[in-house]
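1. what follows is a predicted structure for the sequence shown.
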Amino acid sequence: MNLEQAVKVTKESFDNMNSLYGKVVFDEWVILSFSGEKETILAYSGPRREHFKQNFVNDVKTLRVELRRNKYHVGDFEFAREAAGTHCDAFIMTGDDLFLICNSTNLSMSTITKDPNWVMAQVPFAELTDKFRQDPLTT
């Protein structure tokens, strides 16, 4: 899929997650290219657009450890259970060196997953991972 399609399916999936959860799960997301040591922001949605870029290196450090430690395939995902505030909570590998970074600027994944509605909200998240697995993002 192309970037426009990736943005569309991400928005639709997150809207479905929010509906099933009863409130916003991830109020911020970004599609990034991690090529070598350089990150490139391809798409962003969230409440802190003006501050995101300058805070990005610090906010993503918890997930960067996971990205560097493990070999991921398209459709794979990971959560940073204890990330809080603006630190990124999850990612999905969307294509070669391409990732969707998901974040709640208000809650940690640990808090989000304690809500019983999280069980149903996981369904659109899992479906989104399958969409990228079946049709990876290319730039």
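-> That came through fine. Because the structure is predicted, anything quoted here is derived from the model rather than measured.

2. quick one, what contacts Leu137?
-> Leu137 sits next to 1-3, 6, 31, 94-95, 98 when contact means Cβ atoms under 8 Å, 6 or more residues apart in numbering. Heads up, the C-betas are built off the backbone N, CA and C, glycines and all.

3. for Phe26, same thing?
-> Phe26 sits next to 14, 17, 89-90, 102-104 when contact means Cβ under 8 Å, 6+ apart.

4. swap in 7 Å and give it another go.
-> The contact partners of Phe26, by Cβ atoms under 7 Å, 6 or more residues apart in numbering, come to 14, 89, 102-104.

5. so it: helix, strand or coil?
-> Secondary structure, DSSP: H, G, I helix; E, B strand; the rest coil: Phe26 is coil.

6. could you find the closest non-adjacent residue to it?
-> Computed as Cβ to Cβ, 6 or more residues apart in numbering, the closest residue to Phe26 that is not its neighbour in sequence is Cys102, at 4.3 Å.

7. distance check, the closest residue to Tyr21 other than its chain neighbours against Phe56.
-> Excluding its sequence neighbours, the residue lying closest to Tyr21 (Cβ to Cβ, 6+ apart) is Ala121, at 3.9 Å. With distances taken as Cβ to Cβ, to the nearest Å, Ala121 is found 26 Å from Phe56.

8. so which of the two has more stuff around it?
-> Between Ala121 and Phe56, counted using other Cβ atoms under 10 Å, the more crowded position is Ala121 (21 against 18).

9. Phe91 reaches Gly75, doesn't it?
-> No: contact criterion Cβ atoms under 7 Å: Phe91 and Gly75 do not qualify, at 11.6 Å.

10. and the two? Which one has more around it.
-> With neighbours defined as other Cβ under 10 Å, Phe91 and Gly75 compare such that Phe91 has more, 26 against 18.

11. count of neighbours near Pro101?
-> Heads up, residue 101 is Ile, not Pro. Ile101 has 24 neighbours, counted by other Cβ under 10 Å.
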